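coords below, sequence missing:
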């Protein structure tokens with residue numbers, strides 16, 4: 001039989017981890033937008049693929065194509081996302097407006113006569129030699145694009161993972177979110193445990209945040225403000241976070257080394273937990289709440 005107090009403590013800690021992870025995710029999206037990390041990754045990939053690049057990234061001729069420019073709104077910037085069909089259509093358009101209706105021989109001549117960079121012309125002609133018709137040529141281009149984008153996606157995810165870890169550290173230390181101190185508060189205060197369980201059930205009933213890009217999704221700054229507000233409400237209800245809420249029993253005396261060790265350990269636990277991501281903690285919180293027997297009510301049919 002599970003001890004209800006132990007489950008309540010777990011639920012309280014997981015709720016904190018979930019809210020912090022959501023706040024870090026929103027913050028990382030803001031930083032990613034400010035730094036144009038998606039566009040930078042795509043620009044880097046396209047430059048490697050098409051050649052004729054410079055230190056700033058994507059070849060100017062590709063950006064200046066109408067179908068690509070329409071996705072950016074600016075001549076010298078790269079889009080944050082490019083699909084395979086748009087990529088192949090843009091390349092064919094760069095060769096000739098009527099390239100799609102040409103025979104392979106006619107298309108080869110058009111590529112050779114185009115003003116595309118030599119590197120790009122050589123690549124396109126090599127792909128064309130492996131194709132029986134223009135449809136297969138375009139499919140080969142799209143397959144090539146997908147393979148490069150898979151590697152680019154891995155590069156972007158690694159950068160985001162590192163960014164999340166750094167931002168988790170800034171947020172956790174800046175707000176003094178110490179898992180050990182929070183666990184002790186939950187253990188010693190039944191009313192605080194009850195309030196945390198109530199907050200957890202409310203969070204579960206709200207469901208996970210809508211995926212980025214959907215009509216129901218809030219902007220990163222709106223979500224960040226929402227999660228910061230949730231942490232502030234919990235702090236007002238007794239959550240021991242924030243430097244201004246910390247009192248030292250040894251004020252005026254030299255702190256024992258164990259206090260520093262406990263504080264750093266508490267931060268590191270929170271940082272690691274936040275780096276696992278909101279989906280992980282939402283799933284774990286749902287399972288623990290159901291074990292406790294007070295999980296969210298099922299949706300009405």
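Received, thanks. Since the model is a prediction, treat every value here as computed from it, not as a measurement.

does residue 61 touch residue 94 like I think?
Yes. Assessed by Cβ atoms under 8 Å, residue 61 is found in contact with residue 94 at 6.9 Å. For the C-beta atoms, the positions are set from N, CA and C on the backbone; glycine is no exception.

checking residue 176 next. Helix, strand or coil?
What DSSP: H, G, I helix; E, B strand; the rest coil gives for residue 176 is coil.

quick one: it from residue 68, how far?
With distances taken as Cβ to Cβ, to the nearest Å, residue 176 is found 47 Å from residue 68.

who has more neighbours out of these two?
residue 68 (23 against 18; other Cβ atoms under 10 Å).

after the helix or strand hosting that one comes which helix or strand?
Secondary-structure assignment from DSSP states H and E places residue 68 in helix 66-72. Next helix or strand after helix 66-72 toward the C-terminus (DSSP H and E): helix 84-95.

following that following helix, which helix or strand comes up?
Taking DSSP H and E, what comes next after helix 84-95 is helix 104-113.

what helices and strands are in contact with that following helix?
helix 84-95, helix 118-129, helix 134-174 (3 or more Cβ pairs under 8 Å, 6 or more residues apart in numbering; DSSP states H and E).

so for stretch 150-162, mean pLDDT?
For stretch 150-162, mean pLDDT is 90.

give the buried residues for it.
Buried residues in stretch 150-162, counted by 16 or more other Cβ atoms under 10 Å: 152, 156, 160.

of the helices and strands packed on helix 104-113, which is nearest residue 281?
When the helices and strands packed on helix 104-113 are compared by Cβ to Cβ, helix 134-174 sits nearest residue 281, at 12.8 Å.

picking that back up, okay, the buried residues of stretch 150-162 in a markdown table with distance to residue 136 next?
Below are the buried residues of stretch 150-162 laid out as a markdown table (distance: Cβ to Cβ, whole Å):
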| residue | distance to residue 136 |
| --- | --- |
| 152 | 24 |
| 156 | 30 |
| 160 | 35 |
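
what is the nearest of those to residue 129?
Closest to residue 129, out of all of the buried residues of stretch 150-162 and judged by Cβ to Cβ, is residue 152, at 26.1 Å.

thought the closest one was touching residue 40?
No. Between residue 152 and residue 40 there is no contact under Cβ under 8 Å: 10.2 Å.

just give me the neighbour total for residue 78.
Residue 78: 26 neighbours (other Cβ under 10 Å).

revised request: answer the last question for residue 193.
21.

what's it in contact with, if anything?
Contact partners of residue 193, counting by Cβ atoms under 8 Å, 6 or more residues apart in numbering, are 5, 8-9, 12, 186.

and residue 196, by the same measure?
8, 11-12, 15-16, 186, 234, 239.

leaving out chain neighbours, which residue sits closest to residue 87?
residue 145 (4.7 Å; Cβ to Cβ, 6 or more residues apart in numbering).

I appreciate the help and will end here.
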